[in-house]
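>>> here are the coordinates; sequence isn't available:
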Ligand code: SAH
């Protein structure tokens with residue numbers, strides 16, 4: 001074959017390879033979209049699960065959960081369970097993310113604090129529903145990775161900080177809502193202090209095998225506390241001083 005002929009063949013093959021790659025990419029993207037719609041239908045809106053807030057369901061249908069899990073776990077990104085994200089930590093089960101988000105009653109004008117950024121997925125779901133999200137992660141490499149993923153996916157209203165969430169984020173306080181995704185033994189006082197009057201906090205409290213999710217509401221300076229669900233979260237580490 002002449003030099004020109006083999007060049008032509010090579011460029012044709014190259015174009016075919018690019019086209020195949022693009023086709024495969026869109027097939028995968030379509031698979032993830034279908035899996036995400038199924039997750040919303042079967043794990044969140046289904047009887048017995050009963051997530052009803054339409055905005056929350058729409059956010060769960062939109063946020064690409066597979067982008068927040070390790071590459072080798074992507075196939076299971078829309079399954080009904082938590083997944084490891086490295087450093088001994090996990091991304092919560094989709095139902096728990098939707099449940100906690102629904103209980104917070106997010107509004108488009110809200111500024112929300114999250115303790116335990118982890119993968120950044122919960123922060124992304126909130127970012128789709130509220131004005132600003134402030135999220136703190138104590139394991140620095142997780143904080144940096146979540147920050148990079150959120151930036152790559154254009155969630156511009158999430159602010160990530162590496163640090164001890166026990167102390168909250170005083171410079172950005174007070175918050176309309178606070179969500180804690182790691183379990184302390186007691187509700188940290190700084191977080192109560194940083195919640196607005198009328199604000200809501202959802203937080204798992206207790207030792208690893210005996211935790212309850214509590215909804216705290218601040219009304220006329222008093223804190224009302226209601227147990228809403230038995231759960232199992234990773235413990236809150238860091239300073240309790
Ligand atoms: N919301 C996360 C899941 C979080 S797992 C997601 O959507 O993926 C709980 C996270 O809380 C872990 O990453 C853990 O490192 C973090 N964590 C534990 N104690 C903490 C503390 N004192 N301050 C901030 N983050 C903490």
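Yep, that arrived. Quick caveat: nothing in here was measured; it's all calculated off a predicted structure. Residues are numbered from 1 along each chain as shown.

>>> ok, now which ones touch the spatially most central residue of the chain?
By C-alpha atoms, centre = their mean, the chain has its centre lying nearest to residue 122, at 1.5 Å. For residue 122, the contacting residues are 92, 97, 100-101, 114, 179, 181, by C-beta atoms under 8 Å, 6 or more residues apart in numbering. To be clear about C-beta, it is placed using only N, CA and C from the backbone, and glycine gets the same treatment.

>>> That one sits in which helix or strand?
According to DSSP states H and E, residue 122 maps onto helix 121-127.

>>> Check which element follows that helix along the chain.
Per DSSP H and E, helix 121-127 leads on to strand 132-137 as the next helix or strand towards the C-terminus.

>>> Show the subsequent helix or strand relative to that following strand.
helix 140-152.

>>> And the helices in the chain, which stretches?
For the chain, the helices defined by DSSP state H cover 3-39, 54-62, 94-103, 121-127, 140-152, 189-193.

>>> Comparing the ones you listed, which yields the minimum mean pLDDT?
For the helices of the chain, mean pLDDT drops lowest on helix 3-39, to a mean of 72.

>>> For the chain, list the residues in contact with the ligand, please.
Residues of the chain lying close to the ligand by C-beta under 6 Å from any ligand atom are 89-92, 115-116, 118-119, 121-122, 136-139, 142, 164-166, 181-182, 234, 236-238.

>>> Not counting its neighbours along the chain, what's nearest residue 173?
Using C-beta to C-beta, 6 or more residues apart in numbering and skipping the chain neighbours, the partner closest in space to residue 173 is residue 194 (3.7 Å).

>>> so how far is residue 129 from the one you found?
Look at residue 194 and residue 129: by C-beta to C-beta, to the nearest Å, they are 20 Å apart.

>>> One more: residue 219?
23 Å.

>>> Residue 109 now?
Taking C-beta to C-beta, one finds residue 109 at 11 Å from residue 129.

>>> Neighbour count for these two, which is higher?
Between residue 109 and residue 129, counted using other C-beta atoms under 10 Å, the more crowded position is residue 129 (21 against 9).
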